[in-house]
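>>> Okay, sequence plus prediction incoming.
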Amino acid sequence: MISLAIIILAAGKSSRMRGKDKLTQNVRGEPQLRRIVCAACETCPNVFITLPDAAHPRASLLLGLNVQIVPVPEAHLGMGRSIATAVSEIKDPSIKGAMIVPADMPELTDMDLQTVAQAFDKNPKAIIQATTPTGSFGHPVVFPRRTFEQLKSLSGDQGARSVIKANAHLRQPVPLPYSHAKTDLDTPEEWQEWLSSLN
């Protein structure tokens, strides 16, 4: 399989959680952050995770995992800054693509990440973007190395949308089950409702 890096975006403040950290929410017996990082580690050996700083409490959830923590002191400038900082840390020239995975998507599984990675393996010049079964675009997204310089220039809270738009001819949709590609939860009420639905 073509060498790939996975970037887990976990440098946000959980500002809408009113003092709680959504990435520590318990999902099927495991904190959400550790769960999604373990899924990434099952998919490929090159896993980068952005945090506000290396000593952030979230780092304690990563003990024993083979990941590279990427501090993003300017995380307040938006998701784009986190992506740019992490992509700049990909030094290995054999890595041909970067999969961007927001850390707050509790329905994503290791199988989902592997499905997207396998699609990139078959078409390594494409931007591979997960969708719902009905075609609504979501995450993860794999960017080929040819877009890395564009990713390194990102800032703001729109993530990598501008890079996808500028390279729309490269985009290949890959459907994931149910709402796996779209479900992200930002408030205590959303988390409570979603967790209740598991019972």
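Here it is on my side, so go on.
>>> Does anything pack onto whichever strand or helix holds residue 69? Which helices or strands?
Taking DSSP states H and E as the criterion, the element that holds residue 69 is strand 68-71. In terms of contacts (3 or more CB pairs under 8 Å, 6 or more residues apart in numbering; DSSP states H and E), strand 68-71 is packed against strand 46-51. In this view, the C-beta of every residue, glycine as well, is placed from N, C-alpha and C.
>>> Okay, now the sheet partners of the strand it packs on, with direction.
Sheet pairing of strand 46-51 (DSSP bridges) gives strand 4-9 (parallel), strand 68-71 (parallel).
>>> ok so, going back, residues in contact with the strand holding residue 69?
7, 47-54, 59, 62, 85-86, 89 (CB atoms under 8 Å, 6 or more residues apart in numbering).
>>> swap in stretch 81-95?
Stretch 81-95 is contacted from outside by 3-5, 7, 9, 11-12, 46, 48, 50, 68, 70, 72, 74-75, 98, 100, 145, 148, 151-156, 159-160, using CB under 8 Å, 6+ apart.
>>> Write a PyMOL command that selects only the buried members of these.
For the buried members of the contacts of stretch 81-95, the matching PyMOL selection, counting by 16 or more other CB atoms under 10 Å, is:
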select buried, resi 3+4+5+7+9+11+12+46+48+50+70+72+75+98+100+145+148+151+154+159+160
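>>> What distance do you get for residue 96 to residue 106?
Noted for residue 96: a distance of 29 Å to residue 106, by CB to CB, to the nearest Å.
>>> rewinding a little: and of the strands paired with strand 46-51, who's closest to residue 167?
The closest of those to residue 167 is strand 4-9. By CB to CB, the value is 17.6 Å.
>>> Downstream of that closest one, the next helix or strand is which one?
Using DSSP H and E, the helix or strand that follows strand 4-9 in sequence is strand 26-27.
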